[in-house]
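A.B. asks: need coordinates for the below:
(chains A, B, C and D)
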There are 2 protein chains.
Amino acid sequence: MWNCEVLSNRFGDLIGVQHMSGKKKVTVITPVLKRGSGSVHISVAEAIGKRIVRGEFLPGTVLPNEAKWAADFKVSRSAVREAIKILMAKNLLVSRPKIGSRVEPKENWSLLDHDILNWYATAPNREEFLLALQQFRTIIEPEAAALAAVNHTESQILAISEACRDMATAPSLSERTAADVRFHLAILRASNNELLIPLGVIIDQALNNLFVLITRRAKDLHHAQGLHEKIERSIRLRQPQAARVAVRNLLANSDSLIK
Amino acid sequence: MWNCEVLSNRFGDLIGVQHMSGKKKVTVITPVLKRGSGSVHISVAEAIGKRIVRGEFLPGTVLPNEAKWAADFKVSRSAVREAIKILMAKNLLVSRPKIGSRVEPKENWSLLDHDILNWYATAPNREEFLLALQQFRTIIEPEAAALAAVNHTESQILAISEACRDMATAPSLSERTAADVRFHLAILRASNNELLIPLGVIIDQALNNLFVLITRRAKDLHHAQGLHEKIERSIRLRQPQAARVAVRNLLANSDSLIK
DNA sequence: CAAGTTTTATTTGTAGGATAATACAGATTA
DNA sequence: TAATCTGTATTATCCTACAAATAAAACTTG
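C.D. replies: Residues are numbered from 1 along each chain as shown, chains lettered A, B, ... in the order given. You can find the predicted model right below:
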């Protein structure tokens, strides 16, 4: 008689089923596919991708072959192949005939990809990850704001100002966070350097991971709002240096909330 | 009687076949697949991806359906589907039943992806693109160098110094460029912020597009070498501010070569 | 025995067909 | 008119079969 325990992490998604026989714990974990949301190949890509990103398959190792994934997940080989193509496109692995799919060195991963960041956020080293995110923001955002102060168009500054107002009037914390993200993305767009725009995923990720830490005290929220408005005004008045400084102040403020 | 003209761009890859009947030029361009290099689905993804990136299918429009692509390229529908999954993974499009594959707004594209960057480099607006690349570098690289000056490990500074020496002793211009790329990537790694590493594709792209513009005069090369060595020394001696300034000088120098 | 050569086995790559699910558009009905 | 049903086009999924590539084993041959 087998005794099965369903494993799940603190984020609530299923990791697998651990089989036990008496006291002997069998190490084989049968992966379980989270069905229902989206199509099958997306779910498979997510399942395999998460396991790679979490370090279950180290760079250089070859994954089980397509037939095995298909059997494990109880899906067709085609679905597995499409999933693997997705992971290939994100440079998590390369696959060659007879060899199989080999996990690429971490350097090649498209870490700035929306999905990979999400998978990464569920990985063990969360604090370290959050600090890297914030450090990245302090590199990008002051300069983006300075560029926005110089280059923004009329409609772009309108978007920034509107997001800033939405932050002030947001009824809930989650809506405030959404407006916050909109605010920073609007600044990236207003920089009018299209290469900066993909970095929005970093901001999105950071703010949505940070907002649980943000203190709900009205005083702090009011202070943060003032910092945002200072950024908005500097950009609107086309003062790049002031914008740079204002963004640095804001980021220093949220950094202080982490530590 | 039909008169066909094979179209190719200045990079030598085939774009399509333009059919002509007398003086009436038919606008339909039959896509041609560049076979031979890599697998079919990769080629298909590249062919479709390039056409999207070049603006042939504007954001919001739906692509021809899978059966049509399969017929046009004379490949199986499975191959087309795998190609489309690749483009989905890079956020160029979303595909849903009954709707088809719709091109995503440009904002969502993973522009920092290696492949997309390459496809982008073959698009019409090259000069603009190069300027955006260089602007991006001036945002990232000074700060990366400053971080590297603070955080680098022993082996990391060794890699930087070695690449710097390789630049000086490189026998050919292409080898010099390769060492140049290695140098800047080594600095990104030495920053020890893993989110910065994916930005290496920007540097790679910039340098490999720039090197055709670089004057071959020995004096200029010697000057550039001095600028690189100044960066190397500042990082090695753990002087972040000096490193920042040195990188800015280098980038200003290469900017002057463009204009 | 050593070194190269051929064969074999394993895995991904490609093809094409069958069926299901989905979502929009238009017809039908209350 | 409004709600519901039905048709239809398209992707989603699954399946089977075969092709191509290549690592490893078996086999020559000097």
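A.B. asks: contacts, neighbours, all on C-alpha from now
C.D. replies: Noted.
A.B. asks: the closest residue to DNA strand C within the stretch 101-250 of chain A: which element?
C.D. replies: In the stretch 101-250 of chain A, the residue that lies nearest DNA strand C is residue A:101 (5.4 Å; Cα to the nearest atom of the strand). Assigning secondary structure by DSSP states H and E places residue A:101 in strand A:100-103.
A.B. asks: ok so, going back, ok, now which ones touch the residue of the stretch 101-250 of chain A closest to DNA strand C?
C.D. replies: Counting by Cα atoms under 8 Å, 6 or more residues apart in numbering or on different chains, residue A:101 touches A:62-65, A:93-95.
A.B. asks: excluding its backbone neighbours, what's nearest it?
C.D. replies: The shortest distance from residue A:101 to any non-neighbouring residue, by Cα to Cα, 6 or more residues apart in numbering or on different chains, is to residue A:95 (4.0 Å).
A.B. asks: burial measure for that neighbour, as a count.
C.D. replies: Residue A:95 has 17 neighbours, counted by other Cα atoms under 10 Å in any protein chain shown.
A.B. asks: what comes up buried for the helix or strand encompassing it?
C.D. replies: Per DSSP H and E, residue A:95 falls inside strand A:93-96. By neighbour count on 16 or more other Cα atoms under 10 Å in any protein chain shown, the buried set for strand A:93-96 is A:93-95.
A.B. asks: any low-confidence regions in the stretch 101-250 of chain A?
C.D. replies: A:215-216 (pLDDT under 70).
A.B. asks: picking that back up, isn't the residue nearest to residue A:101 right next to residue A:102, touching?
C.D. replies: Yes: using Cα atoms under 8 Å, residue A:95 makes contact with residue A:102 at a distance of 6.1 Å.
A.B. asks: residues contacting the strand holding residue A:95, please?
C.D. replies: Outside strand A:93-96, the residues that touch it by Cα under 8 Å, 6+ apart are A:87-88, A:101-104.
A.B. asks: let me see the contact set for the nearest residue to residue A:153 once chain neighbours are set aside.
C.D. replies: Excluding its sequence neighbours, the residue lying closest to residue A:153 (Cα to Cα, 6+ apart) is residue A:190, at 7.1 Å. Residue A:190 sits next to A:147-148, A:151-153, A:156-157 when contact means Cα under 8 Å, 6+ apart.
A.B. asks: just residue A:145 next, same as before
C.D. replies: A:187-188, A:191, A:231, A:235, A:240, A:243-244, A:247.
A.B. asks: between those, which is closest to residue A:143?
C.D. replies: Here the nearest of the contacts of residue A:145 to residue A:143, counting by Cα to Cα, is residue A:244; it sits at 6.2 Å.
A.B. asks: so the closest one makes contact with residue A:147?
C.D. replies: No: contact criterion Cα under 8 Å: residue A:244 and residue A:147 do not qualify, at 9.1 Å.
A.B. asks: between those two, who's got more neighbours?
C.D. replies: Shown here are residue A:244 and residue A:147; by other Cα under 10 Å, residue A:147 has more neighbours (25 against 22).
A.B. asks: one step back: direction included, what does the strand holding residue A:95 pair up with?
C.D. replies: Using DSSP bridges, the strands paired with strand A:93-96 are strand A:100-103 (antiparallel).
A.B. asks: any idea how far stretch A:127-142 is from the chain center?
C.D. replies: The chain centroid and the centroid of stretch A:127-142 are separated by 12 Å under Cα atoms, centre = their mean, to the nearest Å.
A.B. asks: how about the helix or strand that contains residue A:223 as PDB, C-alpha atoms only?
C.D. replies: Here residue A:223, judged by DSSP H and E, is contained in helix A:218-236. Provided in PDB are the C-alpha atoms of helix A:218-236 (Å, rounded to 0.1, in the frame of the first residue of the first chain):
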ATOM      1  CA  ALA A 218      -0.900  56.900   6.500                       C
ATOM      2  CA  LYS A 219       2.200  59.100   7.300                       C
ATOM      3  CA  ASP A 220       4.500  56.800   5.300                       C
ATOM      4  CA  LEU A 221       2.100  56.700   2.400                       C
ATOM      5  CA  HIS A 222       1.800  60.400   2.400                       C
ATOM      6  CA  HIS A 223       5.600  60.800   2.400                       C
ATOM      7  CA  ALA A 224       5.900  58.400  -0.500                       C
ATOM      8  CA  GLN A 225       3.300  60.300  -2.400                       C
ATOM      9  CA  GLY A 226       5.200  63.500  -2.000                       C
ATOM     10  CA  LEU A 227       8.300  61.900  -3.400                       C
ATOM     11  CA  HIS A 228       6.400  60.700  -6.400                       C
ATOM     12  CA  GLU A 229       4.900  64.200  -7.000                       C
ATOM     13  CA  LYS A 230       8.300  65.700  -6.900                       C
ATOM     14  CA  ILE A 231       9.400  63.300  -9.700                       C
ATOM     15  CA  GLU A 232       6.300  64.200 -11.700                       C
ATOM     16  CA  ARG A 233       6.900  67.900 -11.300                       C
ATOM     17  CA  SER A 234      10.600  67.700 -12.300                       C
ATOM     18  CA  ILE A 235       9.800  65.900 -15.400                       C
ATOM     19  CA  ARG A 236       6.900  68.200 -16.300                       C
END
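A.B. asks: please identify the buried residues of stretch A:161-181?
C.D. replies: A:161-168, A:176-181.
A.B. asks: any chance of JSON lines for these, columns secondary structure?
C.D. replies: Below are the buried residues of stretch A:161-181 laid out as JSON lines (DSSP: H, G, I helix; E, B strand; the rest coil):
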{"residue": "A:161", "secondary structure": "helix"}
{"residue": "A:162", "secondary structure": "helix"}
{"residue": "A:163", "secondary structure": "helix"}
{"residue": "A:164", "secondary structure": "helix"}
{"residue": "A:165", "secondary structure": "helix"}
{"residue": "A:166", "secondary structure": "helix"}
{"residue": "A:167", "secondary structure": "helix"}
{"residue": "A:168", "secondary structure": "helix"}
{"residue": "A:176", "secondary structure": "helix"}
{"residue": "A:177", "secondary structure": "helix"}
{"residue": "A:178", "secondary structure": "helix"}
{"residue": "A:179", "secondary structure": "helix"}
{"residue": "A:180", "secondary structure": "helix"}
{"residue": "A:181", "secondary structure": "helix"}
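A.B. asks: tell me the two of these that are most distant?
C.D. replies: Farthest pair in the buried residues of stretch A:161-181, by Cα to Cα: A:161 and A:177, 15.5 Å.
A.B. asks: quick revisit: pick the one among the contacts of residue A:101 closest to residue A:130.
C.D. replies: residue A:93 (25.0 Å).
A.B. asks: for residue A:57, see how far away the closest one is.
C.D. replies: Note on residue A:93: its distance to residue A:57, by Cα to Cα, to the nearest Å, is 11 Å.
A.B. asks: and for the two, which residues touch both?
C.D. replies: By Cα under 8 Å, 6+ apart, the residues touching both residue A:93 and residue A:57 are residue A:103.
A.B. asks: determine how far the strand holding residue A:101 lies from the middle of the whole chain.
C.D. replies: Using Cα atoms, centre = their mean, the offset of strand A:100-103 from its chain centre is 24 Å.
A.B. asks: can I get the helix or strand just after that strand as CSV, trimmed to CA atoms?
C.D. replies: Using DSSP H and E, the helix or strand that follows strand A:100-103 in sequence is helix A:114-121. Only the C-alpha atoms of helix A:114-121 are listed here, as CSV (Å, rounded to 0.1, in the frame of the first residue of the first chain):
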residue,chain,number,x,y,z
HIS,A,114,8.4,38.4,-17.6
ASP,A,115,7.8,34.7,-17.1
ILE,A,116,11.3,33.9,-15.9
LEU,A,117,11.2,36.7,-13.4
ASN,A,118,7.9,35.3,-12.1
TRP,A,119,9.4,31.9,-11.8
TYR,A,120,12.5,33.3,-10.2
ALA,A,121,10.4,35.1,-7.6
